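In: just coords:
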């Protein structure tokens, strides 16, 4: 058994002197690094900053909607606020958050590689993200943009007199960051797997990121060219979306949603991957129906490209095109349902611990269930006519994007925090904040379903008097949610300085990332591992020295 | 389901669609609950029952089950198909325009809704309709996308520059209901709305006769345009030398074109012929008519169409109305440029296809309206 | 199943470390696979990128085929054809570069890369000639980006073009100057006699161009194969509406400039790659063991060529038969 020392506690005692964080302290050693882990950390910092800015915009929106009148903000300002909330949250937070932070950090480790296949491309993607983000922030500081994050023509091309072009170019540039990340993931998963790491031994997080990468490569270029055409049209004051010369504003919507619907899967698939990890690992049980979860990711990625027209049921699209899109929308719901059932079945006869990441995972299941089911409401054409462009839509996609992506991300961040930083966060505060997020989120967004069915249209600065009560609920919930999301910022930062030193494998889990020290050394593995075990195998046979771990815990308590 | 409770849960049901949409909604809620309860219960049950009893336990592996996977793929699929079918049926009803309906023309512009009844009343941000009558809205916009949304009727449709869209409803309950613009349209988007007043037929007739903006009926206005202002009569009236076809009795009939095709002389065709006279020439005539694009406003066009309709005894549903002729009500040209989107209407479901609905659509918008840079 | 998870094998430190092997790879084979898969994935991305443009092209060509044919006829198929030939030859030299890189023949690579770059430059030169031609004839779809031709006789045309720099920088004052009556009236009078005046550098489709396009459109109308969009998109008052036809041709040129412009941008990036490759090849970096940079640059180069192979017929050739006695 001499070889299992990679994960028994002897090893933990003798940590390597240099890990990826201590391997150079100069600014240059960070800015010119090719280490996927350092790039992930830089992404973490930037994406968190954008998340906070977007969150401030969200808070402003909820405050404005506290009263039916448009009193806190001018309507024009309100329009800019919700547009900027959308642009920042979608393009600068939701799309990169899991792939660029958790994926970047963990994907190479999980498959037993020293780094991503193309480290320089990875660094480039970070710089491209920074440039795009800076351009968008520049435009916001200059006066912002008021087109809605969807940039619908002809308002965006002809009528808006805000900084559409700068934001458009920012989104365009930012798109290449996500393309480069996707490209890197695809190559890495294909060529960098350690010996013995077959496709069906890959952790499901890797599968999910692989499916995401496919969407990134196939979808993002289309939005890039569309936004470029939009910017050129604004620049040249003429173009193919201009109805005045025989162009077609609806073509823009088609091209836009051809990307932006699959983009939803860019945001949710990695989160589903995280949750698959959490559910299985914190039940200490092999995931139920591994192949079905893996292939349902791919199915979602593929079918996701065929349903863009369900965003356009009331736009004057043909009734028959609508039928096809509605049908395919129902079909794309099935793989998500399959995941849901498999996660639930995984818990059966497991050994479930209630750590913070698991609470987030359970919260994810609850919220994503509601988000997914209300997706059916919106996929059903007759209901969509009433519900589209109302707060029902707003609530639905927040259930998917926040309830799904953000909760998955938070779960993943807590789960891998010890690995990334080498420090343990406070489990107590973690649980408190996880529950606050769950409660606050539901209080914020569930009333919006009712508001939406009542017929409160989205993007309204003022609304009918009788809807105020539900809006007050929503704003109150938003403050709880805000508190729940600020707390991790505090206790996670706190843990960096005061936190307990993290062992290599605090939960005694079998994944490859838990077989290396925390934080990992720059090259991840001292030597290339050879994988001989199936994914999610918690038994002692695959090298987990559980007795030793129990002794470790006992020693710690005494 | 009154909306006067403390927390309103449902908007009022005030059209024939409302109960259909609501039933579909209830069905979906039912399905969602039926779907959620077992999952949530199972999760909670497992969560409590199989909580960690011993640190680092190694529960037995369960690999999965094809039978289970198949079951929970097929059952949701079947259920989702029922949802799909229900939704499709309602959608089909909503977007297939009824044959005989009271027509109201709608022009959206930043940031107001302009309505014109076939009797001539013009309203801004208010719409009066009778109860129990099918009402069809034919809509277009002078600038950007808008979307007419009446929650109590459970219906809405985008309004697109350069083309006509339409929606219809039959109000079932007198009252005052919200009217919104649901497609983001710029600065004052949230102010672009108003009220729909549903009234019993007799009250509605009274309103038409007395209240409202006293104007000529479209037929009268159209007649004046036809006879005098635009001089259409010099070619198109009976006995005018037959440079153009006599329009009496033409509406609603099939016309043979020089191309050998034939076309139904409906509103769309008449609009087209006024704005692009040479597009479809009736057999036996020369393409000599000048275009009136830019010379007639959207509302004048509506009047002309109404008048030509009346020549075939299709006066629409004008009540008996004596309307003192005054004007002063704005034509579109005051606020926007005189240019009006001039696209034949595209009823959902028949002419639309693929990328952009009506094939005649995009080319026809005139010089862009109201560029606000 | 005892000794199953030994983490320690593959100690490659003792092995021979090939040149150009990056630290994250085990061996050259893995590196080559990775970089070439990366380039293929990048090219898939490129296909989707151009795919959006090709979609726009398809949509509008199927709506306004005659305007597209008319616009296409004003592109010079000779230059386009020459450029096609140039690119095909450059692909050959590129392929040979890869071949000699694999053989490790340094000077052969250097000469071939220079040849490839030469052909690339020729392509861009020809493109510049074509763009200049469009600029001179008022066929750039954005107002203000065409040659400003105030006067109408030849001498005055030259004088106007000589003044161009000042008028361009002072766009506003230029417009103010040209708008008031005295000057404009004169210009208009002269326009009536002479063919071409373009004081504000707008997209122009008149005179001979318009006449050509009107012929094919009327011909198509007679034969009844105008599309639904065209039936209302070209005509006013029984005659072709010059402005409406102009707008549809403008759409063609808009797509032409965006597509060829982005393609030219890809060529410029390709030339940048080649410069770097030339430097490395000159230093003899590539050998039978390590040549993947040459290989993937070659892939990129071929891809850019292939895009042109699609652009050339779509933009230059399709629809020419309408003008040359073909048709239906």
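Out: Great, that's in hand. Because the structure is predicted, anything quoted here is derived from the model rather than measured. Numbers count the residues shown, from 1 in each chain, chains lettered A, B, ... in the order given.
In: and the stretch 201-328 of chain C, which residues reach chain B?
Out: Residues of the stretch 201-328 of chain C that fall close to chain B, judged by Cβ under 8 Å from any Cβ of the partner chain: C:224, C:227-233, C:235-239, C:244, C:247-248. For every residue, glycine as well, the C-beta is placed using N, CA and C.
In: please redo it, this time with the cut-off set to 10 Å
Out: Applying Cβ under 10 Å from any Cβ of the partner chain, we find that the stretch 201-328 of chain C lies next to chain B at C:221, C:224, C:226-241, C:243-244, C:247-248, C:251.
In: buried members of these into PyMOL, please.
Out: Of these, the buried ones can be selected in PyMOL as follows, counting by 16 or more other Cβ atoms under 10 Å in any protein chain shown:
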select buried, chain C and resi 221+226+229+230+231+232+233+234+235+236+237+238+240+241+244+247+248+251
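In: in strands, which of the residues of the stretch 201-328 of chain C next to chain B fall?
Out: If you go by DSSP state E, these have C:235, C:236, C:239, C:240 in strands.
In: which non-adjacent residue is nearest the first one?
Out: Across the structure, with Cβ to Cβ, 6 or more residues apart in numbering or on different chains as the measure, the residue nearest residue C:235 apart from its sequence neighbours is residue B:278 (4.8 Å).
In: tell me how many other residues crowd the one you found.
Out: Close neighbours of residue B:278, defined as other Cβ atoms under 10 Å in any protein chain shown, add up to 23.
In: how about the contacts made by it?
Out: Counting by Cβ atoms under 10 Å, 6 or more residues apart in numbering or on different chains, residue B:278 touches B:286-291, C:221, C:231-232, C:234-241.
In: next, residue B:167: secondary structure please.
Out: Here residue B:167 takes the strand state, with states given by DSSP: H, G, I helix; E, B strand; the rest coil.
In: isn't it up against residue B:134?
Out: No: between residue B:167 and residue B:134 there is no contact under Cβ atoms under 10 Å: 11.5 Å.
In: okay, and the common contacts of these two?
Out: Shared contacts of residue B:167 and residue B:134 (Cβ under 10 Å, 6+ apart): residue B:97.
In: for residue A:308, give me its contacts.
Out: Residue A:308 makes contact with A:219, A:222, A:253-262, A:325, A:328, according to Cβ under 10 Å, 6+ apart.
In: in chain B, which helix has the most residues?
Out: The residue-count maximum for a helix in chain B (DSSP state H) belongs to helix B:16-49.
In: so for that one, what gets flagged as buried?
Out: By neighbour count on 16+ other Cβ under 10 Å, the buried set for helix B:16-49 is B:16-18, B:20-22, B:24-25, B:28, B:31-32, B:35, B:39, B:43, B:46-47.
In: SS state for residue 187?
Out: No chain specified, so I'll use chain A. The three-state label given to residue A:187 by three-state DSSP is helix.
In: does it touch residue A:213 like I think?
Out: Yes: checked against Cβ under 10 Å, the pair residue A:187 and residue A:213 is within contact range at 9.1 Å.
In: contacting residues around the closest residue in space to residue A:400 that isn't next to it in sequence?
Out: Spatial nearest neighbour of residue A:400, excluding adjacent residues (Cβ to Cβ, 6+ apart): residue A:371 at 3.9 Å. Residues in contact with residue A:371, defined by Cβ under 10 Å, 6+ apart, are A:268, A:336, A:364, A:395-404, A:445.
In: buried residues in stretch A:425-445?
Out: Buried, per 16+ other Cβ under 10 Å, within stretch A:425-445: A:425-426, A:429-434, A:436-438, A:440-445.
In: let me fix that: stretch C:124-132
Out: Neighbour-count burial for stretch C:124-132 [16+ other Cβ under 10 Å]: C:124, C:126, C:127, C:130, C:131.
In: need the residues you listed in TSV (columns: pLDDT).
Out: Shown next, in TSV, are those (pLDDT from 0 to 100):
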residue	pLDDT
C:124	96
C:126	96
C:127	95
C:130	94
C:131	94
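In: turn the residues you listed into a markdown table, including secondary structure and distance to chain B.
Out: A markdown table is the format used below for the buried residues of stretch C:124-132 (DSSP: H, G, I helix; E, B strand; the rest coil; distance: Cβ to the nearest Cβ, whole Å):
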| residue | secondary structure | distance to chain B |
| --- | --- | --- |
| C:124 | helix | 34 |
| C:126 | helix | 34 |
| C:127 | helix | 30 |
| C:130 | helix | 28 |
| C:131 | helix | 27 |
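In: tell me which of the residues you listed is nearest to chain A?
Out: If you rank the buried residues of stretch C:124-132 by distance to chain A using Cβ to the nearest Cβ, residue C:131 comes first, at 15.1 Å.
In: does that closest one really touch residue C:146, like I thought?
Out: No: using Cβ under 10 Å, residue C:131 is not in contact with residue C:146; the gap is 11.1 Å.
In: who touches both of those two?
Out: Common neighbours of residue C:131 and residue C:146 (Cβ under 10 Å, 6+ apart) are C:139, C:140.
In: for the residue sitting nearest the centre point of chain C, give its distance to residue C:53.
Out: Geometric centre of chain C, nearest residue: residue C:260, 1.5 Å, by Cα atoms, centre = their mean. Remark: distance between residue C:260 and residue C:53 (Cβ to Cβ, to the nearest Å) = 10 Å.
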